[in-house]
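**Q** here is the input, now give the coordinates:
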Amino acid sequence: MSRLALLVILACFWTASWAFSTGPPDSICTTMTPGHGAGDTSSLGSSYTVTTSANQYSPGSKITVTISGNGATNFKGFMIQVRTVGGTNAVGSITTTAANERSACSGAAATHNTNADKASVSVDWTAPSTSVGDVQVWATIVQTKLVWTTVKRSIITAASVTGGSTAPGGSTAAGGSTASTTTTTTTTTTPPPISSMKPIVTSACGSTKSCFKNSIACGTDCEYLLTWEPVGDEIQFEMSGISDGYIAVGFSKDMQMGDDNVIACTNRGTVSNNYQFNKAGPGPIDPNNLHFGLSSTAGGSDGPGRISCSFSRKKSFSGARKKRARDASQVFDLANSYYLFFARGPVDSNDNVQQHTNIPAVSAKQADFSSNHQLLAGEADRPLAKAHACLMLIAWVGLASTGILMARYYKPQWSSSKLCGEKVWFAVHRTLMISVVLLNIIALLLILAELNWTWSLQVAHPIIGIIVIGLAFVQPIMAFFRPHPDGKNRWIFNWAHWFVGTSAHILSAPAIFLGMRTPRLYLPDYALYIMIAFVVWHVFIDIILEIYQCYVNYSKKKNRPEEYPMGIQKDVPAPPPDNRGHFLRQVIIVLYVIVTAGLLTAMVVITAKYPN
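**A** Numbering: from 1, shown residues only. Alright, predicted model coming up:
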């Protein structure tokens, strides 16, 4: 098992290092979603800026699009497309200007050609020969294999085109007659522009007003930003964010979506007070009055690709005003504290808010609307997701790894001793592996509860995870029905038991790596480094034990292998006692357990505590 595991793990690391070296395949031209990593890391968007050399285009014009890192933030990969606002099809063509760039998607996109660090890239977009209305730059930026984001910024408006043509025959004909002249005027119109809003001032955050945003350092470029300030019996709110449909803030009694008071601002300047039931899109509290409970509403844009709005709301509502709502419980009293959600998504042709398209950012703690403080988005303490992750770490890093080593190298160890009436290696192995199965079942139930008992297979982590859980669950079933050691079909069980167990253990490593970067956890880089350290440590011990076992077998006078035939269980008589190598193996397993326990404890603590 050790040689196969080593080759697979090294292959995984080699693939991870070079997966994005020459750019993505054309199969992702529509989704612009990398086939690696745990998912879109929305908070990464504030680390990069997407700019254009012009804010308006005419048919056939050329505009330069630039991606640049803010400060010292570099990136390894990218893909750029220009699409119609609200659409998914690329328009125009893109040409590259540097050796580390190349065209993609039949010339409709540009991407990287090397995986070297990049501080900025620039490409040239040529507009279509006819106007297609307002367009928007889409850029997927890959910082590392596990960290990437897609940003939509820099709306480029279509210039109004007015032209005339004179029909043939506009000259004086023979005989002094003049032919008629026909003039055709064609005008391309764009949607009426929304009001321009002043950028929200963030310098007073935490002093004279409160702020909820994606980064402590962001200002007018925040991916999402909400500020509030008590004024008398009202609270004045300002909200801004990147979206081409709507942005919304939700007031929630818990950290789960559903049964929340949602205030949304659309790209047409509409501000509405809504209530969201479970996972359905929010609906207005008062269908006849979208501004129910709100005053001084204003909506517009504070920059390309951004939506901004402001509104005021009383802290508490009187009984008479509550009766106007469909349900009095829908009117949240802001004298209480609530968790904050920030979401964005599309609107329909009637400007109605639809289901959000991103995983909403959640405040780490409840917002107190009577005091001034700062809250960061994306710091939600998701206890069920964290419990799921901790149990999986314990199961696969701690228990399964130790149990596999015991079955592989410790069958001759303590041959004259019994544990609970069984051989020591078998009793330990069985206990550990049954515990792995039980922890996997509990962890699966926890994450399903976190996801409201729904399942998504759009990213790699749940796909690999469910395969690992399935393989782990099959193992005890096969063991229960295994043939007698002397049975003619015993070899089938031996190989099947080895293959299923080895596959589950190897696949658990990438599942854990991907899980650490899911939006519900998104653990820091040092958590990944600790997991890498464990993989290296386990492979190192596996190799040491394999080499030492070969040495012991070779050095025996009778050259009788100390290792049992693969898969033989407790029913096989123990070989004659031979203490050669027993002491060193005991030292190795004790050292392995101590180091593994330390690395495991560090990962569990980080998972449970981060980012608090």
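**Q** and residue 216, how many neighbours?
**A** The tally of other residues near residue 216 (other CB atoms under 10 Å) stands at 11. The C-beta positions use only the backbone N, C-alpha and C, and glycine is treated the same way.
**Q** just give me the neighbour total for residue 243.
**A** Counted with other CB under 10 Å, residue 243 comes out at 25.
**Q** could you check the pLDDT of it?
**A** pLDDT recorded at residue 243 is 86.
**Q** show me the contacts for residue 130.
**A** Applying CB atoms under 8 Å, 6 or more residues apart in numbering, we find residue 130 in contact with residue 59.
**Q** okay, and it sits in which element?
**A** Using DSSP states H and E, residue 130 maps to neither a helix nor a strand.
**Q** from here on, count from 465
**A** Happy to do that; since the first residue is 465 now, the last one works out to residue 594.
**Q** distance check, it against residue 851.
**A** Noted for residue 594: a distance of 56 Å to residue 851, by CB to CB, to the nearest Å.
**Q** can you tell me the SS state at the nearest residue to residue 541 once chain neighbours are set aside?
**A** Spatial nearest neighbour of residue 541, excluding adjacent residues (CB to CB, 6 or more residues apart in numbering): residue 606 at 3.5 Å. Following DSSP: H, G, I helix; E, B strand; the rest coil, we place residue 606 in the strand state.
**Q** bridge partners for residue 606, pull those for me.
**A** Listed beta-bridge partners, residue 606: residue 541, residue 612 (assigned using DSSP bridges).
**Q** okay, now it: neighbour count?
**A** Residue 606, neighbours per other CB under 10 Å, totals 25.
**Q** that one against residue 540, yeah?
**A** Yes: between residue 606 and residue 540 there is a contact at 5.6 Å, judged by CB atoms under 8 Å.
**Q** in terms of helices and strands, where is residue 933?
**A** Counting by DSSP H and E, residue 933 is found in helix 924-944.
**Q** oh, that last question was meant for residue 727, not what I typed.
**A** Assigning secondary structure by DSSP H and E places residue 727 in strand 724-730.
**Q** quick one: strands adjacent to that strand?
**A** strand 710-716 (antiparallel), strand 735-740 (antiparallel).
**Q** and residue 571, helix, strand or coil?
**A** coil.
**Q** contact partners for residue 538?
**A** Per CB under 8 Å, 6+ apart, neighbours of residue 538: 581-583, 607.
**Q** any idea which of those is least confident?
**A** Among the contacts of residue 538, residue 607 has the lowest pLDDT, at 76.
**Q** surely residue 980 and residue 995 touch.
**A** Yes: using CB under 8 Å, residue 980 makes contact with residue 995 at a distance of 6.9 Å.
**Q** how about the helices of the stretch 665-814 of the chain, start to end?
**A** Using DSSP state H, counting those that start in this stretch, the helices of the stretch 665-814 of the chain run over 783-786.
**Q** helices or strands up against the helix holding residue 933?
**A** helix 888-914, helix 954-980 (3 or more CB pairs under 8 Å, 6 or more residues apart in numbering; DSSP states H and E).
**Q** ok and it relative to helix 888-914, angle-wise?
**A** 140 degrees (axes from the mean of the first three to the mean of the last three CA atoms, to 10 degrees).
**Q** quick check: buried residues in helix 924-944?
**A** 924-926, 928-929, 932-933, 935-939 (16 or more other CB atoms under 10 Å).
**Q** could you dump the helices and strands packed on helix 924-944 to JSON lines with distance to residue 620, mean neighbour count and mean pLDDT?
**A** Below are these laid out as JSON lines (distance: least, CB to CB, whole Å; neighbours: other CB atoms under 10 Å; pLDDT from 0 to 100):
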{"stretch": "helix 888-914", "distance to residue 620": "40", "mean neighbour count": "19", "mean pLDDT": "93"}
{"stretch": "helix 954-980", "distance to residue 620": "36", "mean neighbour count": "19", "mean pLDDT": "91"}
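**Q** out of the helices and strands in this structure, which is least certain?
**A** Every helix and strand in the chain was compared by mean pLDDT, DSSP states H and E; the lowest is strand 650-651, with a mean of 37.
**Q** nearest to residue 524, of the helices and strands packed on helix 924-944?
**A** When these are compared by CB to CB, helix 954-980 sits nearest residue 524, at 44.2 Å.
**Q** so which elements touch the next helix or strand after the closest one?
**A** On the C-terminal side of helix 954-980, the nearest following helix or strand under DSSP H and E is helix 989-1019. Using 3+ CB pairs under 8 Å, 6+ apart, the elements in contact with helix 989-1019 are helix 466-482, helix 865-873, helix 954-980, helix 1046-1073.
**Q** just want the angle from helix 989-1019 to helix 865-873.
**A** Going by the same axes, to 10 degrees, helix 989-1019 makes 10 degrees with helix 865-873.
**Q** next, the buried residues of helix 989-1019.
**A** Buried positions in helix 989-1019, judged by neighbour count with 16+ other CB under 10 Å: 991-992, 994-995, 998-999, 1002, 1005-1006, 1009-1010, 1013, 1016.
**Q** can I get those in TSV with pLDDT?
**A** Formatted as TSV, those follow (pLDDT from 0 to 100):
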residue	pLDDT
991	90
992	90
994	95
995	95
998	97
999	96
1002	96
1005	95
1006	93
1009	92
1010	91
1013	83
1016	78
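**Q** quick check: the farthest pair among the residues you listed?
**A** Every pair of the buried residues of helix 989-1019 checked by CB to CB; the farthest is 991 and 1016, at 37.6 Å.
**Q** can you point out the buried residues in the strand holding residue 727?
**A** 724-730.
**Q** just the residues you listed now: which is nearest residue 861?
**A** Set against residue 861, the nearest of these by CB to CB is residue 724 (36.6 Å).
**Q** quick one: residue 910 and residue 853 touch, right?
**A** No: contact between residue 910 and residue 853 fails when scored by CB under 8 Å: they sit 9.3 Å apart.
**Q** can you pull the contacts of residue 693?
**A** Contacts of residue 693 by CB under 8 Å, 6+ apart are 672-674, 699-700, 836.
**Q** my error: substitute residue 838 in the last question.
**A** Residue 838 neighbours (CB under 8 Å, 6+ apart): 669-670, 674-677, 680.
**Q** that one - nearest residue in space that isn't next to it in sequence?
**A** The nearest residue in space to residue 838 (CB to CB, 6+ apart) is residue 670, at 4.6 Å.
**Q** OK, contacts around that neighbour?
**A** By CB under 8 Å, 6+ apart, the contact list for residue 670 reads 836-838.
**Q** all the strands of the stretch 665-814 of the chain, residue numbers only.
**A** 674-677, 688-695, 698-706, 710-716, 724-730, 735-740, 747-748, 758-764, 770-778, 803-809 (DSSP state E, counting those that start in this stretch).
**Q** tell me how far residue 661 lies from residue 767.
**A** Going from residue 661 to residue 767 by CB to CB gives 9 Å.
**Q** sorry, wrong one. I was asking about residue 1055.
**A** Distance from residue 1055 to residue 767, by CB to CB: 58 Å.
**Q** out of these two, which sits in the more crowded spot?
**A** Taking neighbours as other CB under 10 Å, residue 1055 and residue 767 compare with residue 767 leading, 17 against 11.
**Q** which residues touch that one?
**A** 663, 684.
**Q** which one of the helices and strands packed on helix 989-1019 lies closest to residue 716?
**A** Closest of those to residue 716 is helix 1046-1073, at 22.4 Å (criterion: CB to CB).
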